[in-house]
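Participant: need the 3D shape of this:
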Amino acid sequence: MSSTREKGLIVSFGEMLIDFVPTESGVSLAESPGFLKAPGGAPANVAIAVTRLGGRSAFVGKLGGDEFGHMLAGILRENGVDDKGVTFDEGARTALAFVTLRSDGDREFMFYRNPSADMLLRPDELNLELIRS
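Facilitator: Next up is the predicted model:
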């Protein structure tokens with residue numbers, strides 16, 4: 001890519017959630033003595049990875065209008081991800097996932113969605129200008 005041309009924008013679309021990971025590795029979710037919160041969701045992870053590698057990225061998705069949702073939007077901004085495609089739902093919560101890597105190497109997930117905000121994103125809420133860019 002020429003240095004005179006602006007870098008392309010990679011737009012990532014989907015979920016961003018809070019992962020709760022055990023404080024002790026190699027145990028099941030039920031056996032874990034405690035959990036730490038961490039930002040998660042593959043589409044958001046991709047957007048952050050792109051900026052960390054020197055690219056330009058944006059994230060499109062819906063978060064709960066709760067403290068976790070605003071925390072996650074802040075993490076996108078702190079990592080240089082364009083968050084103009086993020087919407088908030090005051091009537092839904094941000095998705096939560098408890099995840100662990102068991103001693104046999106298998107991952108175990110337990111999602112909390114009832115439904116969560118990311119599942120409620122409507123077509124009319126999409127930032128089409130951002131997606132087209």
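
Participant: for stretch 12-28, what does the pLDDT average out to?
Facilitator: Taken as a whole, stretch 12-28 has an average pLDDT of 92.

Participant: make that stretch 82-93, sorry
Facilitator: 97.

Participant: measure the residue nearest to the spatial centre of the chain to G105 for me?
Facilitator: Centrality entry for the chain: nearest residue to the mean C-alpha point is M16, 2.2 Å, by C-alpha atoms, centre = their mean. For M16, the distance to G105 equals 26 Å [C-beta to C-beta, to the nearest Å]. Where C-beta positions appear, they are placed from N, C-alpha and C, glycine not excepted.

Participant: now K84
Facilitator: On the measure of C-beta to C-beta, K84 and G105 end up 39 Å apart.

Participant: when those two are compared, which one has more neighbours?
Facilitator: Neighbours per residue (other C-beta atoms under 10 Å) separate K84 from G105, with K84 holding more: 12 against 7.

Participant: and the more buried one, how close does it get to A38?
Facilitator: 24 Å.

Participant: cool, G65 as well?
Facilitator: Counting by C-beta to C-beta - G65 and A38 are separated by 21 Å.

Participant: report the distance from whatever helix or strand S57 lives in to the chain centre.
Facilitator: Element membership for S57 (DSSP states H and E) is strand 56-64. Averaging C-alpha positions (C-alpha atoms, centre = their mean, to the nearest Å) puts strand 56-64 8 Å from its chain's average.

Participant: same thing with stretch 87-98?
Facilitator: The answer for stretch 87-98 is 11 Å, by C-alpha atoms, centre = their mean.

Participant: check which residues of it are buried.
Facilitator: Neighbour-count burial for stretch 87-98 flags T87, D89, A92, R93, T94, A95, L96, A97, F98 (criterion: 16 or more other C-beta atoms under 10 Å).

Participant: tell me the SS of the third one?
Facilitator: Same thing as A92. Of the three states, A92 takes coil under DSSP: H, G, I helix; E, B strand; the rest coil.

Participant: leaving out chain neighbours, which residue sits closest to it?
Facilitator: A117 (4.1 Å; C-beta to C-beta, 6 or more residues apart in numbering).

Participant: what about that neighbour, how many residues nearby?
Facilitator: Applying other C-beta under 10 Å, we find 27 residues neighbouring A117.

Participant: if anything else comes up later, I'll come back, but that's it for now.
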